[in-house]
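**Q** I'll drop the sequence and a predicted model, then ask my questions.
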Amino acid sequence: MIEKIRNIFQVPELKRRILFTMALIVIYRLGEHLPTPGVNARALAGAFAASGAAGGLFGLYDLFVGGAFSRATIFALGIMPYISASIILQLLGAVVPYYEKLRKEGEEGQKKITQHTRFGTVLISFIQSYAYSVFLTNLGQTQGLPIVPDPGFLFTFSTIVTQTTGTILVMWLGEKITEHGIGNGISLIIFINIVGRVPNTILSAFESLRGGSLSWPVLLGIVAMMVGVIAAVILMTQAVRKIPVQYAKRIVGRRMYGGANTHIPLRVNTAGVIPIIFASSVMILPATVAGFVKADSPLAGLGQIFSPTGWIYNILYGLIIVFFTYFYTAVVLNPNDLAENMRKHGGFVPGIRPGRKTADYIDKVLSRITLPGAVFLALIAVLPDLIIGATNMPFMGFGGTSVLIVVGVALDTLQQVESHLLMRHYEGFVKGGRIRGRQRM
């Protein structure tokens, strides 16, 4: 293992990418501790715990932004507005002809979609930062604590400017990591936020053991469950369905080309962790709406109704995960394009006619293997949280959703490191060869 780690730093380009990624992550972590002007951090911490928001939907949002939401730092909104904008643009790409055309234009079209995503991120950040300022003011009035000593237009304006600017900076950091670093920048930011909470989670577990509110058998059961979830996620991430492909022989001059046998690897979980992140972003919307209104408004109860440990939240959460799994798989893999490329190069699936029949066959296989992958993602995301909620242990915020994201991003980053090593004739970082498949974000 030490030798393989040493190999990483013997590849100049890989070393530069890793150091660049680490430098930007350090910048991001520093920004997570810069406070928003006009907020009493101590009063906010007490109110956040007393109101029960730490265990609700705001707690899930806080998990994705590394605790910045509960501390009201300049990165309180994190990368979530960017993810919400990405969801909207991808949905528009499926229903609006203009965006569908851009998606098919290749690199130039993708540049325009990225630009529109950035504009959407700024707009969503503006709306959510205003809601956040209202939430902080209402929370202070409800709990009777001086969270915002001087509420008013100046505080609202400064919060909007601070949070929107912070989100733009986080988006820029994520894009630079993707372009010049290792791994997907947006996914890595969420990964760092979740992993950064692990030491506090472990400390809370031992405090609960010491206080008597948690027993060793229950703790060991939860740890065993998490180990099982991690093993299942790794298994499903690497599971593929191979469609055999043959290429016809053709003679060009005095040389013979083709005649090879290969396969198309269709992953059971083609969408990776994207459906989890997308679904989490959608489920946060009710709490965002609740942040706009006063504490005595009927809409203020949306945050409680959509609690992560409640049945309403988890049923909707699971259904949205299944939907986004199919949706993102359709965006990433187009059976018509696969069939057309095979036909142009003389390839065919044994027993299936080239062209339309091949596209229908690939679509049929893809639909069948996507169903167990989608159900698996939904169960892994929902069941651990329900079990944790039933045991009344708020310290176990590192639930099924977090495990899925952490394991998925870790495998994706490790696969990219692996490809750099193998490309330069170094032994792979993982024993036994490459990690099959690649997470995309």
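**A** Received, thanks.

**Q** Can you list the low-confidence ranges for the stretch 251-400 of the chain?
**A** 251-259, 285, 287-310, 384-385, 387-400 (pLDDT under 70).

**Q** What are the boundaries of the strands in it?
**A** For the stretch 251-400 of the chain, strands defined by DSSP state E, counting those that start in this stretch occupy the ranges 255-257, 261-267, 347-348.

**Q** Can you lay out those as TSV showing mean neighbour count and distance to residue 277?
**A** For every residue, glycine as well, the C-beta is placed using N, CA and C. TSV is the format used below for the strands of the stretch 251-400 of the chain (neighbours: other C-beta atoms under 10 Å; distance: least, C-beta to C-beta, whole Å):
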stretch	mean neighbour count	distance to residue 277
strand 255-257	10	43
strand 261-267	16	18
strand 347-348	20	34
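
**Q** Identify the residue nearest the most centrally placed residue in the chain in space, chain neighbours excluded?
**A** What sits nearest the mean C-alpha location of the chain, by C-alpha atoms, centre = their mean, is residue 277, with 3.9 Å. Spatial nearest neighbour of residue 277, excluding adjacent residues (C-beta to C-beta, 6 or more residues apart in numbering): residue 83 at 5.9 Å.

**Q** Would you indicate which residues of the one helix or strand that neighbour maps to are buried?
**A** Here residue 83 sits within helix 80-95, counting by DSSP states H and E. Buried residues in helix 80-95, defined by neighbour count with 16 or more other C-beta atoms under 10 Å: 80-87, 89-90, 92-93.

**Q** Ok, stretch 172-185 next?
**A** Neighbour counts over stretch 172-185 (16+ other C-beta under 10 Å) mark 173-174, 177-178, 181-185 as buried.

**Q** Residue 187 is in contact with the residue nearest to residue 277, correct?
**A** No - under the criterion of C-beta atoms under 8 Å, residue 83 is not in contact with residue 187, lying 10.2 Å apart.

**Q** So for the two, which residues contact both of them?
**A** Residues within reach of residue 83 and of residue 187 at once, by C-beta atoms under 8 Å, 6 or more residues apart in numbering, are residue 277.

**Q** circling back: report the contact partners of the residue nearest to the centre of the chain.
**A** Going by C-beta under 8 Å, 6+ apart, residue 277 touches 83, 187, 190, 405, 441.

**Q** mind running it again at 10 Å?
**A** Neighbouring residues of residue 277 by C-beta atoms under 10 Å, 6 or more residues apart in numbering: 64, 79-80, 83, 86-87, 186-187, 190, 324, 401, 404-405, 408-409, 441.

**Q** closest to residue 127 among those?
**A** Of all the contacts of residue 277, residue 80 has the smallest distance to residue 127: 12.1 Å, by C-beta to C-beta.

**Q** Export the buried residues of helix 80-95 to JSON lines and append columns for distance to residue 246.
**A** Output for these, formatted as JSON lines (distance: C-beta to C-beta, whole Å):
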{"residue": "80", "distance to residue 246": "46"}
{"residue": "81", "distance to residue 246": "48"}
{"residue": "82", "distance to residue 246": "43"}
{"residue": "83", "distance to residue 246": "41"}
{"residue": "84", "distance to residue 246": "44"}
{"residue": "85", "distance to residue 246": "43"}
{"residue": "86", "distance to residue 246": "38"}
{"residue": "87", "distance to residue 246": "39"}
{"residue": "89", "distance to residue 246": "38"}
{"residue": "90", "distance to residue 246": "34"}
{"residue": "92", "distance to residue 246": "39"}
{"residue": "93", "distance to residue 246": "34"}
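
**Q** quick one: secondary structure of residue 241?
**A** Following DSSP: H, G, I helix; E, B strand; the rest coil, we place residue 241 in the strand state.

**Q** so it sits right up against residue 368, yeah?
**A** Yes - the criterion here is C-beta atoms under 10 Å, and residue 241 meets it with residue 368 at 8.5 Å.

**Q** Need the overlap of contacts for those two.
**A** Shared contacts of residue 241 and residue 368 (C-beta under 10 Å, 6+ apart): 266, 268.

**Q** Show me what stretch 175-182 is in contact with.
**A** Residues from elsewhere that reach stretch 175-182 (C-beta under 10 Å, 6+ apart): 8, 13-14, 16-25, 28, 82, 114, 118, 173-174, 183-189, 413-414, 416-417, 420, 441.

**Q** gap between it and the chain center?
**A** From the chain centre to the centre of stretch 175-182 is a distance of 16 Å (C-alpha atoms, centre = their mean, to the nearest Å).
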